[in-house]
Every structure is written in C-alpha cells, then in structure tokens.
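S.K.: Give me the fold of what follows.
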Amino acid sequence: MYRHILAATDGTPFARHAVEHAVGLARALGARLSIVTVTEPFHVFSLEVQQLEDTRTQYEAHAREWADRALNDAAALARAQGVSHDLVQVESDRPYQAIMDAAADRDCDLIVMASHGRRGLAAMILGSETLKVLTHSKVPVLVIRPGGAEPWQALT
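M.R.: Sure thing, here's the model as predicted:
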C-alpha cells in the first residue's frame, strides 16, 4: 500500500492532529515518514504582522524557531510510536508547491495534511494550502479534519 508518507505541519493543533494520523498510519503499514514544514521568506512589503514588526534577521530567527518547534513536536510523536522519520524545513512563497515538491523529492506515495475547517468567505479569502495540494498533487492526499476518529487504528 503506502511505503513512504509525507506529513505536512504548520505547528497548529489541527496540523498536529494530522501528524498523529500520519504517524499511526505509518506505524500500522510499516511505512517511512517524512515530516515537512514550510516557512515564508521575508518580504520588505508584506501584510503579515510578523514581517511588519521584525527586521529580516529577527523574522528569519523567529521563522527558524517556529519551524524547529513544529518539527520537533512532530518528531516526538513519531519517536513515541517507533516510526522511522526524517524532518524537512523548506522556505517558499508557495507552501502547497513546496509540500508537493518535498513529496516528489522523497518518492512519497501519500501526503497527509490537516484541514483547518474554514468555510464560506473565510475559506475563499484566506485560501487553503490543503485545497491547492488536493487540486494539483499527482500523489494521493489524505485530509484530516478537526476531531474525528483514527481510521488507521482498525489496521493494527
């Protein structure tokens, strides 16, 4: 079935829930796991509050710190379940493309991502990296919604 799973995380509780699913699925299938997080590069002109308040050096330090925290949390989940994993931090203006590229570079055969559950106008205005991956990925994508059961548990 699946031999190498890519789990995307942005450090949010929703993403952590998706990583938990990916870890459980990888464990049940005996698959390898790659965990990726994508940070946005610093822009002089930006609407992102963090970039408006920080200098380039401060922003880059905060972004590295945030990425390390997200990846270390995900790695702890994998270690606790004995799942072989690697960590990937990518900087990109297009997170969805970076996620798909990471999956292709590592020969992953499944991408696991969270859905943040936005609906209506908020979803349209804010966009969705998950939706973009779903739309463009050549690799199957498993979307984990907030809450819900762990379907992989039936496999163990």
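S.K.: For stretch 67-79, give the mean pLDDT please.
M.R.: In this model, stretch 67-79 has a mean pLDDT of 97.
S.K.: correction: stretch 113-125
M.R.: In the prediction, stretch 113-125 has an average pLDDT of 63.
S.K.: Now do the SS call for the residue nearest to A70 when sequence neighbours are not counted.
M.R.: Nearest residue to A70 in three dimensions, chain neighbours excluded: G11, at 3.3 Å (CB to CB, 6 or more residues apart in numbering). In this view, the C-beta of every residue, glycine as well, is placed from N, C-alpha and C. Using DSSP: H, G, I helix; E, B strand; the rest coil as the criterion, the local structure at G11 reads coil.
S.K.: so what's V143 up against?
M.R.: Counting by CB atoms under 8 Å, 6 or more residues apart in numbering, V143 makes contact with 113-115, 130, 134.
S.K.: now with 6 Å?
M.R.: Applying CB atoms under 6 Å, 6 or more residues apart in numbering to V143 gives the contacts 113, 115, 130.
S.K.: Need the three-state assignment for N72.
M.R.: In three-state terms, and counting by three-state DSSP, N72 is helix.
S.K.: Check the gap between it and M100 for me.
M.R.: 24 Å (CB to CB, to the nearest Å).
S.K.: who has more neighbours, those two?
M.R.: A count of neighbours by other CB atoms under 10 Å puts M100 above the other of N72 and M100, at 22 against 12.
S.K.: If we ignore the residues flanking it in sequence, what's nearest the more buried one?
M.R.: Nearest to M100 is S137, by CB to CB, 6+ apart, at 5.3 Å.
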